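Asker: sequence and predicted structure, then a few things I'm wondering about:
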Amino acid sequence: MTDTSTTVRRRRAGGRLVRLVAVTGVLGAVAVSGPPAANAAPGAAGIAHGFHSGTVTIVTERDRAGGYALVDRGRGGLEVRDLGGGFFQGPYSGVRPTDADNRWGTGVADDRATANVDAYYAAEVTWDYLRAVHGRFGIAGDGVGPLVLTNVGEPDGVASYEADCRCVLLSPPPAGSRSMNAIDVVAHEIGHGVSGVTAGFDNFGESGGLNEANSDILGTLVEFAAGNPADAPDYMIGESTPGGPLRYMDDPTRNGAGKGCWDPSLVDEPSNHRIGAPAIKFFYQLSVGSGRSAWGDSPTCGGAPAVTGLGNERAGRIWFRAVTEYMVSNTDYAGARAATLRAATDLYGPSSVEVSTVAAAWTAVGVDGTRPVPPAPTGPKIRFIGAWHDAAGASTYHYVQVTHPQRRPVTLTATGLPPGTRLDPGTTRISGTPTVAGEYPVTLTATDPDGNTRTHTLSWIVA
Ligand SMILES: [Ca+2]
Ligand SMILES: [Ca+2]
Ligand SMILES: [Zn+2]
């Protein structure tokens, strides 16, 4: 459940890139111009027997061999690729799982085909939630669906997000156990993608905590929106994963997963999930309210007054607008309070019950509005990238994550690219087939309309 985009995960041996999994076929996720109509592409109706999701309908497509593949053109080409226990080697890792009769999985917990369709279905319902509720077409709003890489050769029980390729990475289910591939977990990871291209949270301190909290909140909102009887909605995170629930939103102290109340030492907590704990409790109270209910039992902090919740729809709109429009890389808890108040004011007016509820719910987790909000950075920001690793002759792509705290448009340029690659016009995606091995220092420059620029240099290693 981490955002690992700053980590180089590709395994190397003897200084050379090792491809542990053969690359077969060409990835289908291509940029489209403008948002597609819902389910515009003719898909095939498949039946998935998931473990987490039960028996559900999915949309697949026919593959060249006459079977079906887990590719959904009506949802931005979102796709599952199965790494078969191999290591992540970039977006073309692994193979497309196929099925001859479009009836997928067995529903058995540790069956890998079942894990694949659980992940695929979860990505589909996440797409639907973003589109239907927020009018957002995919992670970056550009109509491109996420890529979900399953059965990644990582320690058991890993779910992560890789910003380079807009990939969700999921471990295989341990033998005799269940996968991580539930709706709230997959939506959590996709949530890292959405916040990554909007708020662009720093991955440390209170901003890092808000990054994790945002993903938990989106995971829960998607779980409610899916309305899947096999995964009854709740305010727990990862309740059907091995060892779950990972976190309780009503009261994160319930399983020792974090503090329920903000205090100045919160940033000393040992993980971003723990630093985010008061924010998931804030959201719970904004939606459900404080105290005891069918959904949980959520105490207020420091004797703060009780909170009457607004429900998921209004709470979700406020939170999503705050993250995508107002939160920035260094937003802390004081800034999150200010951003959500601003979002609620936009949506419901300055003297609305929604605004007063946002204030009450933050106060109820110890964020009372008395601390100053740190000033936002100015100008574009390029997320730190250490290196890219690819092989000569193999097609690839990388997304550069560029954000702007003032939400201004940004133009990206790139120099020093390996022969055979280019920056796709009008995007932040660099793609192609590098033809010549070598180590290329690539300079990325982001410029906004006011002439603020940011440059970043990375090493692109072509083996
Ligand atoms: Ca559930
Ligand atoms: Ca849940
Ligand atoms: Zn996470």
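Answerer: In hand now; what should we look at? It should be emphasised that the depicted structure is a prediction, and the values quoted were computed from it without experimental measurement. Ligands and ions are numbered 1, 2, ... in the order given.
Asker: just want the most central residue of the protein.
Answerer: In the chain, the centroid-proximal residue (Cα atoms, centre = their mean) is Ile190; its distance is 2.3 Å.
Asker: mind checking which helix or strand the closest residue to that one other than its chain neighbours is in?
Answerer: Nearest residue to Ile190, sequence neighbours excluded (Cβ to Cβ, 6 or more residues apart in numbering): Thr126, at 4.9 Å. Where C-beta positions appear, they are placed from N, C-alpha and C, glycine not excepted. If you go by DSSP states H and E, Thr126 is part of helix 112-134.
Asker: same question for Val365.
Answerer: Counting by DSSP H and E, Val365 is found in no helix or strand.
Asker: checking the residue lying closest to it once chain neighbours are set aside next. Helix, strand or coil?
Answerer: Nearest non-adjacent residue to Val365, counting by Cβ to Cβ, 6+ apart: Pro278, 4.3 Å away. State at Pro278, reduced to three classes by DSSP: H, G, I helix; E, B strand; the rest coil: helix.
Asker: report pLDDT for the residue lying farthest from the centre of the chain.
Answerer: Residue farthest from the centre of the chain, counting by Cα atoms, centre = their mean, is Gly303 at 34.8 Å. Here the pLDDT value assigned to Gly303 is 97.
Asker: what about it, distance to Pro264?
Answerer: From Gly303 across to Pro264, the span is 19 Å (Cβ to Cβ, to the nearest Å).
Asker: what does Pro242 give?
Answerer: From Pro242 over to Pro264 (counting by Cβ to Cβ), the distance is 35 Å.
Asker: now do the contacts for Trp462.
Answerer: No Trp there; residue 462 is Val. Neighbour list for Val462: 390-392, 418, 434, 436-440 [criterion: Cβ atoms under 8 Å, 6 or more residues apart in numbering].
Asker: do the same with Thr57
Answerer: Residues counted as contacts of Thr57 (Cβ under 8 Å, 6+ apart) are 45-48.
Asker: of these - the most surrounded one?
Answerer: Ala48 (26 neighbours; other Cβ atoms under 10 Å).
Asker: surely that one is in a helix?
Answerer: No: with three-state DSSP as the criterion, Ala48 is assigned strand and is not in a helix.
Asker: tally of neighbours for the closest residue to it other than its chain neighbours?
Answerer: Sequence neighbours aside, Val117 is the residue nearest to Ala48 in space, at 3.7 Å (criterion: Cβ to Cβ, 6+ apart). By other Cβ under 10 Å, the residues close to Val117 number 32.
Asker: then Ser171?
Answerer: Using other Cβ under 10 Å, Ser171 is surrounded by 22 other residues.
Asker: which non-adjacent residue is nearest it?
Answerer: That would be Val158: by Cβ to Cβ, 6+ apart, it lies 4.4 Å from Ser171.
Asker: quick check: that neighbour touching Pro172?
Answerer: No: Val158 lies out of contact with Pro172 (Cβ atoms under 8 Å); the separation is 9.8 Å.
Asker: the more surrounded of these two?
Answerer: Pro172 (25 against 16).
Asker: and that one, which of the three is it?
Answerer: Applying three-state DSSP: Pro172 is coil.
Asker: residues in contact with the residue nearest to Ile190?
Answerer: Per Cβ under 8 Å, 6+ apart, neighbours of Thr126: 146, 183, 186-187, 190, 218, 222.
Asker: returning to what we had before: tell me the spacing between the residue nearest to Val365 and Asn203.
Answerer: With Cβ to Cβ as the criterion, Pro278 and Asn203 are 18 Å apart.
Asker: and Phe283, that's in a helix?
Answerer: Yes: the assignment for Phe283 (three-state DSSP) places it in a helix.
Asker: pLDDT at it, what is it?
Answerer: 99.
Asker: so it touches Ala213, yeah?
Answerer: Yes: under the criterion of Cβ under 8 Å, Phe283 makes contact with Ala213 at 7.3 Å.
Asker: give me the more crowded residue out of the two.
Answerer: A direct count of neighbours by other Cβ under 10 Å for Phe283 and Ala213 places Ala213 higher, at 33 against 27.
Asker: so how far is Thr340 from the more buried one?
Answerer: For Ala213 relative to Thr340 (Cβ to Cβ), the value is 12 Å.
Asker: what's the answer for Ala115, then?
Answerer: 36 Å.
Asker: do the same with Gly243
Answerer: Counting by Cβ to Cβ - Gly243 and Thr340 are separated by 31 Å.
Asker: hey, C-alpha coordinates of stretch 360-367 in CSV?
Answerer: Output of stretch 360-367 as CSV, limited to C-alpha atoms (Å, rounded to 0.1, in the frame of the first residue of the first chain):
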residue,chain,number,x,y,z
ALA,A,360,-16.0,20.6,13.1
ALA,A,361,-14.6,17.3,11.7
TRP,A,362,-11.0,18.7,11.6
THR,A,363,-11.4,20.1,15.1
ALA,A,364,-12.6,16.7,16.2
VAL,A,365,-9.3,15.1,15.2
GLY,A,366,-7.2,17.9,16.8
VAL,A,367,-6.7,20.1,13.8
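Asker: how about Trp388, secondary structure?
Answerer: strand.
Asker: quick check: it touching Tyr397?
Answerer: No: the criterion here is Cβ under 8 Å, and Trp388 misses it with Tyr397 at 10.1 Å.
Asker: residues in the protein within reach of ligand 1, list them.
Answerer: 231, 234 (Cβ under 5 Å from the ion).
Asker: sorry, back to before: of the contacts of Val462, which is the nearest to Met236?
Answerer: Asp390 (39.6 Å; Cβ to Cβ).
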